[in-house]
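**Q** Got a predicted structure plus its sequence, pasted below:
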Amino acid sequence: MYPISRHSQRLHLRELRPDDVEGMFAIYGDPRATEHMSFDPRTRQDVEGIVARSIASAAADPRQEYALAVADTGNDGGRLMGFGRLALDPHQPRAATFGFALNPEVWGNGCGTETVRLLLACAFEDLELHRVWGARSPHNTASARTMQRAGLTEEGYIREHVQRGGQWRDSVTHSILDHEYAAAAAG
Ligand SMILES: CC(C)(COP(=O)(O)OP(=O)(O)OC[C@H]1O[C@@H](n2cnc3c(N)ncnc32)[C@H](O)[C@@H]1OP(=O)(O)O)[C@@H](O)C(=O)NCCC(=O)NCCS
């Protein structure tokens, strides 16, 4: 499906554009944002490559990856303040893994929960998936609270799932199913 475009009260989930590099670098280049991720802060050149690959992946048929900008609701698609990604799961039909990150300057205002809800709307309403799941670092309590607020259930641990700085670490997984999303959306 292309293009994805979904609005919430404050945010616009849309396709990435080449001029999103600066906004993405403000996230992926910031050690606060990458503290619990699987990689060290990225260089600007790394981010240029990620944005270019993400834009190219949107043209794949069938599309397997939805690497999307989380922007404000300003004119011309708005300014990027976050990033969200749904990747179709090759091990299960109608399932995707997801991830999200926001510019640290906007943390603590509920935009993370709004972002996850937009990604779930895309997954369940646009793509008609059955299950969405994400993995976080055990120390990443902010993302645990965000996923819980958006209706995901904590599932358990994947042992030694991620390697960073030469060290293995576990991940904690969270998931939501289509009927759980529908019940939450109905209020
Ligand atoms: C995880 C992350 C997206 C959370 O972003 P966020 O916008 O701070 O998250 P939330 O939407 O859940 O909001 C957080 C706080 O805002 C508060 N808040 C303030 N105003 C609010 C409003 N209008 N609506 C809702 N919540 C509001 C909430 O109460 C919450 O506080 P608490 O967590 O102390 O209970 C952000 O920390 C991040 O980008 N981290 C780095 C990347 C990362 O870890 N990604 C997840 C990988 S699994």
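**A** Alright, I've got the coordinates. Numbers count the residues shown, from 1 in each chain.
**Q** Alpha carbons only: can I get the least confident helix or strand in the chain by mean pLDDT in PDB?
**A** In the chain, the helix or strand scored least confidently by mean pLDDT, DSSP states H and E is helix 178-186, which has a mean of 93. Output in PDB follows, covering the C-alpha atoms of helix 178-186 (Å, rounded to 0.1, in the frame of the first residue of the first chain):
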ATOM      1  CA  ASP A 178      -6.600  -7.300  15.600                       C
ATOM      2  CA  HIS A 179      -9.600  -7.900  17.900                       C
ATOM      3  CA  GLU A 180      -7.800  -6.300  20.800                       C
ATOM      4  CA  TYR A 181      -7.100  -3.200  18.700                       C
ATOM      5  CA  ALA A 182     -10.700  -3.100  17.500                       C
ATOM      6  CA  ALA A 183     -12.000  -3.300  21.100                       C
ATOM      7  CA  ALA A 184      -9.600  -0.500  22.300                       C
ATOM      8  CA  ALA A 185     -10.500   1.700  19.300                       C
ATOM      9  CA  ALA A 186     -14.200   1.200  20.000                       C
END
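**Q** What helix or strand is I176 located in?
**A** strand 167-177 (DSSP states H and E).
**Q** Name the residues that touch the least confident helix or strand of the chain?
**A** Contacts of helix 178-186 with the rest of the structure, by CB atoms under 8 Å, 6 or more residues apart in numbering, involve L120, A121, A123, F124, E128, L129, H130, R131, V132, G151, T153, I176. All C-beta atoms are positioned from the backbone trio N, CA, C, and that covers glycine.
**Q** circling back: could you list every helix and strand in contact with the strand holding I176?
**A** strand 131-136, helix 141-149, strand 153-164 (3 or more CB pairs under 8 Å, 6 or more residues apart in numbering; DSSP states H and E).
**Q** mind redoing it with 6 Å?
**A** In terms of contacts (3 or more CB pairs under 6 Å, 6 or more residues apart in numbering; DSSP states H and E), strand 167-177 is packed against strand 131-136, strand 153-164.
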